[in-house]
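J.: Here is a sequence with its predicted model. Questions after.
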Amino acid sequence: MENPGFDPPVYEESEHRDIRPSVASAFGHDTLDRVPNIDFYRNAGSVSGHRAVRPSLQELHDVFQKNGGLAIPDTVEDVDGSVDTPSDDAEMALPLPGKSGGGGVKFGWITGVLVRCMLNIWGVMLFIRLSWVFGQAGAGLGVVVILLSMVVTIITCLSMSAICTNGVVRGGGAYYLISRSLGPEFGGSIGLIFAFANAVAVAMYVVGFAETVVDLLKDYDSIMTDPTNDIRIVGCITVVVLLGISVAGMEWEAKAQIVLLIILLVAIVNVFVGTFIPATVDKQSKGFFNYHLSILSENLMPEFRDGENFFTVFSIFFPAATGILAGANISGDLKDPNAALPKGTLLAIFITGITYLGVALCVVSTTVRDATGMNDTIVEGMSCNYSVACDFGYDFSSCATEDCAFGLMNNFQVMTLVSGFGPLIIAGTFSATLSSALASLVSAPKVFQALCKDKIYKGLGFFAKGYGKNNEPIPAYVLTFIIAVAFILIAELNVIAPIISNFFLASYALINFSCFHASWAKSPGWRPAYKYYNMWLSLFGAVLCCAVMFVINWWAALLTYAIEIILYVYVTVKKPDVNWGSSTQAVTFVSAVNNTLALSGVEDHVKNFRPQCVVLTGAPKNRPALLDLAHSLTKNYGLCVTCEVFEGPRDKKVQELSASVDINMEWLKSKKRKAFYAAVADNSFREGAACLLQAAGLGRLKPNTLVLGFKRDWRTVKKEDVHDYVGVLHDSFDFEYGTVMLRISQGLDISPILKVNEEMLQQADEQQAENEQFRDGGKAFSKKSKRKSQQVLTTRVSVNVPLSAEAARTNQGLMDASTQFGKKLGKGTIDVWWLFDDGGLTLLLPYILTTRKKFKECKLRIFIAGLPGRIQQDKEEMQLLLKKFRIKCDDILVVPDMNARPSSGSLKAFDDMIAPFRLHEGTKDTPQAEALKKESPWKITDAELETFEEKTNLQIRLSELLQESSSTAKLIIVSLPIARKGSISDHLYMAWLDTLTKNLPPTLMIRGNHKSVLTFYS
């Protein structure tokens, strides 16, 4: 039933949304609330340029305004310069449903992952080095080499599957997975290494291809120069052709991969078929005798030669298993990377692993280790026991004394010998090497482009640029090409392979550690769709990868980690402006909570006391001197909370409060101040400050010291403001806080100057924009721009009123004073007037200051009250006390005449100061005096002045002594007098503080909570 007195809000349709989800149809009435929708969870930087926005809590909670008072847009548009940074998550690269992402080619799990991974794993090792590996390690350890490689890759794949199914995955492969899990520091360091490893892998595969070509040239006696240089020439020509295919686009590269896969499969089948074809005499002379158990038995045990061992052989083979990330490296080009990567990668590992084992066992069961290639048959009557070949009528014993050219150990083209049709193996070798090289040549630029897009390294932005519908990274392709050519010139496969083994293992170690770390952090955001992983298995995988790295080549492992650490430190120092919600953040939070809870179970001890400060700065930038001094006290070793109270009705101030938090935390971060920011909205300054004093902190991480500035304008502001200010001091004493009050003669608050400067900068920007608009559009100004220009000019006239010379000097003096604690003070003294024993805070704080670099050249001078006849004794007692406290001071001065009567001039100045605030009831009759007290209860009565005459005279006398003895000090510390509640009026107390500290260098009035903060016990 409709309510005729209620007009529902009008919703505006956004042009990019075809149908807005109808809330009325779901609930029976129109409402600002929206039903759950995927568009609300997209990132601001999505390719479409729009995102859906739900109404804010304030918009739903605020008082409803009729006639469309609450117009909630369905979308917001993001333009260049948006506050969103590279920290936005993966969906930045995804269009909204139904929208095209720019026409790029997207691959399924078979063509994009399975085929690509199989081709990359079936690389140069399959036809060129697999027989050599089993010849060196034997069938037993050879199987261990393959299985160990599979264990490493399977565990890594399980970890990778968990990470890549925990949200949308963008391009960047291992770099993207690690950086989004462990943060930019780990991701940035491993990203460069991983991209470099892929670039070097191109060289390894191309050199393997060139070796095969050169062997063919040898067979036909067509060597161009010499074998090494021919490998270089063929390799460079090959990589140029591959670069052309890659630059042509992913679609051409994918088609080439399919063709290469078919050739490779035929070649693998050809190997198995060839082992069953009876060996010819020529093949037998080269060591191939078909299947015989005796051959397998002889080849079962290892026979390492030429300084090789299990781990050197493993290091040469392991790059064959490194293709598991070929699909992940182009994750940005997959239709559904979350589903495709786990399924395609795991299946590729099992298929290729079984293939490697099958081919290797076939070869090792049919071919002997050494053969001459000549018809060295056994002559009747000759003895032969060199190898199992003797059983088949061949004597290869000459291989014991001279190098032979054939057999598992000597001939890298054994697969061609074993196969049914040799040219197919050559084609398969070409296919395996070229497909792997092509995959690596695509992977390296894609990973490097993703790294550069995130702006981790500022100087590499040029390589982030992409071209064409698939955003091909042409500059990164060129860089990869240059690196590949440089390593092709080495022309030694066995030298190149171990180099990249360590780099790939380091990447795998961090992928495994990322999975473990994210699981261990127990973050609610860690919800991988892939459930077949285990955090401890991932940790084992990470440790295994690290162990294998050191076993393969300890110095190369150390070099790899040294490079990682250098890059890690670089990124940490540079602090890139990204926030990816990494597990490092989650673990830091969990550690902080656990440490805070652990600390809560420990009783406070005087030896561990340190000032934990609540600093009433308002906005931190408004009172930099107060913040700098408090920061010097806490530095990186104590809690510093800058606080602001928004005075007024809470419902009207809550939005201003919310907006201030991020702004002020960002300001503190930019100024490198290790401090927090807290704000409250309350009806009065005192109530807000009381909330902060009671609620600030957590457990033992709770403030114990209030730091605030002296209220210089107490004589001109409303009495309620003075009452609130003094009330904050009373509350501080009630809550047993130590209290620190700073007074600088020029003042602390620079907000008026900052406001004028900000307005002038804004006007300058607007004027510049107007000038550019005029240049671009001639005189075609709209009415709106004309009105705006007139408003700006009016404002400019009102703000830019010329300042008098005196006002300019005052402002400059204030700005200079506001920065004095942010720089080194130079030589001088810190004068400490320790008049009352407050637990030692008045002595501890200046000591802490002298340990900071800014105050390092300042010497402590201690002033104490004493009696005329005990000056030396009082000094010696204080020296003994300071010695026990292990606090060094430059001098101790005993003031014997502190109780002397102040001069008449000082007394008159004080009387003049409080004159406007006196009640003068003594000159009135009793009824009139009572009426005055009732009318102005806040004023200073004659009775009050008489009662506290001695205390008043003490403050005036102290002022005189401070003027005499400490007028040249860099900083003065003096005990803060306490006003007893209900006895001393607010204005009299403020007069005491004003008199005590006027016309002095920067002065700190300190009062501890009268609990010991110093001890001389160990």
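T.: Sure thing, it's come through. Numbering: from 1, shown residues only.
J.: Now D891: phi and psi?
T.: As for D891, its main-chain torsions (degrees, to the nearest 10) stand at phi -160, psi 150.
J.: Please apply the same query to the one 10 residues further on.
T.: Backbone dihedrals for R901, given as degrees, to the nearest 10, come out at phi -70, psi 140.
J.: Need the per-residue pLDDT for the residue nearest to it when sequence neighbours are not counted.
T.: Among residues not flanking R901 along the chain, N953 sits closest, at 6.4 Å (CB to CB, 6 or more residues apart in numbering). From N, CA and C alone the C-beta is placed, and that goes for glycine too. pLDDT recorded at N953 is 93.
J.: Please identify the helix or strand for N953.
T.: helix 949-965 (DSSP states H and E).
J.: circling back: now do the residue nearest to R901 against W833, distance only.
T.: Noted for N953: a distance of 17 Å to W833, by CB to CB, to the nearest Å.
J.: neighbour count winner among those two?
T.: Using other CB atoms under 10 Å, the more surrounded residue of N953 and W833 is W833, with 27 against 17.
J.: Please report how far that one lies from F855.
T.: 17 Å.
J.: just A915 next, same as before
T.: A915 is 39 Å from F855, by CB to CB.
J.: And A979, by the same measure?
T.: Distance from A979 to F855, by CB to CB: 30 Å.
J.: same check, this time on R527
T.: Applying CB to CB, the value for R527 to F855 is 51 Å.
J.: can you pull the contacts of F646?
T.: K653, E656, L657, S660, A679, V680, A681, D682, G688 (CB atoms under 8 Å, 6 or more residues apart in numbering).
J.: Farthest-apart pair in those, please.
T.: Farthest-apart pair in the contacts of F646 is S660 and D682; separation 14.4 Å (CB to CB).
J.: how about the nearest residue to G525, chain neighbours excluded?
T.: G581 (6.3 Å).
J.: neighbours of that neighbour, just the number please.
T.: A count of nearby residues for G581, using other CB under 10 Å, gives 15.
J.: Could you pull up the residues touching the closest residue to M204 other than its chain neighbours?
T.: Nearest non-adjacent residue to M204, counting by CB to CB, 6+ apart: I496, 4.6 Å away. With CB under 8 Å, 6+ apart as the criterion, the residues that contact I496 are V200, A203, M204, V207, F487, I490.
J.: Which of those residues fall in helices?
T.: Mapping the contacts of I496 onto helices (DSSP state H) picks out V200, A203, M204, V207, F487.
J.: List the buried residues of the helix or strand harbouring A509.
T.: In the assignment (DSSP H and E), A509 maps to helix 493-521. By neighbour count on 16 or more other CB atoms under 10 Å, the buried set for helix 493-521 is 493, 496-521.
J.: Report the next helix or strand after the helix holding N953 in sequence order.
T.: Next along the chain after helix 949-965, taking DSSP H and E as the criterion, comes strand 971-975.
J.: so what's N120 up against?
T.: T322, G323, I324, A326, S435, S436, A439, S440.
J.: After the one helix or strand it maps to, which helix or strand is next? Please name it.
T.: Secondary structure from DSSP H and E places N120 in helix 115-121. The C-terminal neighbour of helix 115-121 among helices and strands, as given by DSSP H and E, is helix 124-128.
J.: That next one - contacts with which helices or strands?
T.: Using 3 or more CB pairs under 8 Å, 6 or more residues apart in numbering; DSSP states H and E, the elements in contact with helix 124-128 are helix 184-219, helix 337-364, helix 414-418, helix 422-453.
J.: Quick one: closest of those to L599.
T.: Per CB to CB, nearest to L599 of these: helix 184-219, 27.0 Å.
J.: Which positions within that closest one qualify as buried?
T.: Applying 16+ other CB under 10 Å to helix 184-219 flags 184-215 as buried.
J.: go on, stretch 732-744?
T.: In stretch 732-744, counting by 16+ other CB under 10 Å, buried: S732, F733, Y737, G738, T739, V740, M741, L742, R743, I744.
J.: From those, which land in strands?
T.: G738, T739, V740, M741, L742, R743 (DSSP state E).
J.: Just give me the least confident of the ones in helices among the contacts of I496.
T.: In terms of pLDDT, M204 ranks lowest among those, with 86.
J.: Which residues are in contact with that residue?
T.: V124, P319, F487, L493, I496, A497, I500.
J.: at 7 Å what do you get?
T.: Each residue near M204 by CB atoms under 7 Å, 6 or more residues apart in numbering is listed here: V124, P319, L493, I496, A497, I500.
J.: And it, how far from W554?
T.: The gap separating M204 from W554 is 22 Å, by CB to CB.
J.: do the same with A915
T.: As judged by CB to CB, A915 and W554 stand 85 Å apart.
J.: what do you get for I566?
T.: Taken as CB to CB, the span from I566 to W554 is 19 Å.
J.: again with C117
T.: 30 Å.
J.: Ok, I330 next?
T.: 34 Å.
J.: What is the nearest of the contacts of M204 to I295?
T.: The nearest member of the contacts of M204 to I295, counting by CB to CB, is V124 at 25.6 Å.
J.: any idea where the helices of the stretch 201-350 of the chain begin and end?
T.: Secondary structure of the stretch 201-350 of the chain by DSSP state H, counting those that start in this stretch: the helices cover 227-248, 250-274, 281-285, 293-298, 310-317, 337-364.
J.: Out of those helices, flag the one nearest F463.
T.: helix 227-248 (14.6 Å).
J.: I'd like the distance from that closest one to the chain centre, please.
T.: Computed by CA atoms, centre = their mean, to the nearest Å, the chain-centroid distance of helix 227-248 equals 40 Å.
J.: how about that helix: buried residues?
T.: Quick answer for helix 227-248 (16+ other CB under 10 Å): 230-236, 238-239, 242-243, 245-247.
J.: Also stretch 819-831?
T.: Buried positions in stretch 819-831, judged by neighbour count with 16+ other CB under 10 Å: Q820, F821, G822, L825, T829, I830, D831.
J.: What is the end-to-end distance of it?
T.: 21 Å (CA to CA, to the nearest Å).
J.: same deal with stretch 570-581?
T.: Its start and end residues considered, stretch 570-581 measures 20 Å (CA to CA).
J.: Greatest separation within the buried residues of stretch 732-744: which pair is it?
T.: Applying CB to CB across those, the maximum distance is between F733 and I744, 23.6 Å.
J.: quick check: domain ranges of the protein?
T.: 126-371+406-574, 607-754, 824-1007 (the TED database).
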